[in-house]
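> take this sequence and fold it.
(2 chains)
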Amino acid sequence: DQQVKQNSPSLSVQEGRISILNCDYTNSMFDYFLWYKKYPAEGPTFLISISSIKDKNEDGRFTVFLNKSAKHLSLHIVPSQPGDSAVYFCAASGVRGGSYIPTFGRGTSLIVHP
Amino acid sequence: DTGVSQNPRHKITKRGQNVTFRCDPISEHNRLYWYRQTLGQGPEFLTYFQNEAQLEKSRLLSDRFSAERPKGSFSTLEIQRTEQGDSAMYLCASSLRALNTGELFFGEGSRLTVL
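Reported below is the predicted structural model:
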């Protein structure tokens, strides 16, 4: 059973427009939600996170919104740039063995066209 | 380069052979994680170490898999009697206890192909 779901395998947007990536989760015990970005032939890199007690976190062009009642979060990228083209993984962290261990979704491939 | 280092980057083996992957975390990080990623899936958690202690294991880590971190620095992941279903990218990550929110630093991965 997938606890973190990214239902859109791909997303295509024009440079300068907004990219919105969505994620749903099933476990209400998660404490943190994170987004990772992955380029081909590289490991995932952390992008931005949000605590479960907040509903918005912003870092430059990237904003993550959390709707706990709907168990839904989204990543907004404004304005989108061609260098943002990558696979974006949504992840949710709960405590296991004394550490917050992220559970990942399947990823959404973002393509930003010049 | 002071990032997470994984070796080998690629391994092709025949079914039934044993393989071992090595991970060197960022030097000051005391936590080390192994994940597996198959095509079309996100990274799936396998196991986690704090220093040399293995504190959590996923049910994905069958008896054929063993991970060690003998001196609390580098780690090895061994797969015995490999099967075709073991073909995947094996990702290692590390973190600092102070960043304990799930923010991990990943290596580039070791890709395993079992023929």
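> contacting residues around the residue most central in space within chain B?
For chain B, the residue nearest the mean C-alpha position is residue B:34 (3.2 Å; Cα atoms, centre = their mean). Shown in contact with residue B:34 (Cβ atoms under 8 Å, 6 or more residues apart in numbering or on different chains): B:23, B:45, B:46, B:47, B:48, B:67, B:75, B:77, B:90, B:91, B:92, B:93. No exception for glycine: its C-beta is placed from N, CA and C like everyone else's.
> quick check: mean pLDDT across the strand or helix carrying it?
In this structure, residue B:34 sits in strand B:31-37 according to DSSP states H and E. Mean pLDDT, computed over strand B:31-37, is 96.
> mind listing what it pairs with, with the direction of each?
Strand B:31-37 sits in its sheet next to strand B:44-50 (antiparallel), strand B:88-95 (antiparallel), going by DSSP bridges.
> need the winner for burial among the ones you listed.
strand B:88-95 (a mean of 24; mean count of other Cβ atoms under 10 Å in any protein chain shown).
> starting from the next helix or strand after that strand, tell me which strands it pairs with and how they run.
The first helix or strand that comes after strand B:88-95 along the chain, using DSSP H and E, is strand B:105-106. If you go by DSSP bridges, strand B:105-106 pairs up with strand B:88-95 (antiparallel).
> measure residue B:18 to chain A for me?
Using Cβ to the nearest Cβ, to the nearest Å, residue B:18 is found at 24 Å from chain A.
> just read off the phi/psi values of the residue lying closest to residue B:22 once chain neighbours are set aside.
Spatial nearest neighbour of residue B:22, chain neighbours left out: residue B:7 (4.9 Å); criterion: Cβ to Cβ, 6 or more residues apart in numbering or on different chains. When read as degrees, to the nearest 10, the backbone of residue B:7 gives phi -140, psi 150.
> surely residue B:7 is in contact with residue B:110?
Yes. Under the criterion of Cβ atoms under 8 Å, residue B:7 makes contact with residue B:110 at 7.1 Å.
> neighbour count: those two, which is higher?
residue B:110 (22 against 13; other Cβ atoms under 10 Å in any protein chain shown).
> now that one: how far from residue A:100?
Counting by Cβ to Cβ, to the nearest Å, the gap from residue B:110 to residue A:100 is 24 Å.
> what does residue B:101 give?
Distance of residue B:101 to residue A:100, computed by Cβ to Cβ: 5 Å.
> one more: residue B:53?
Taking Cβ to Cβ as the measure, residue B:53 falls 17 Å from residue A:100.
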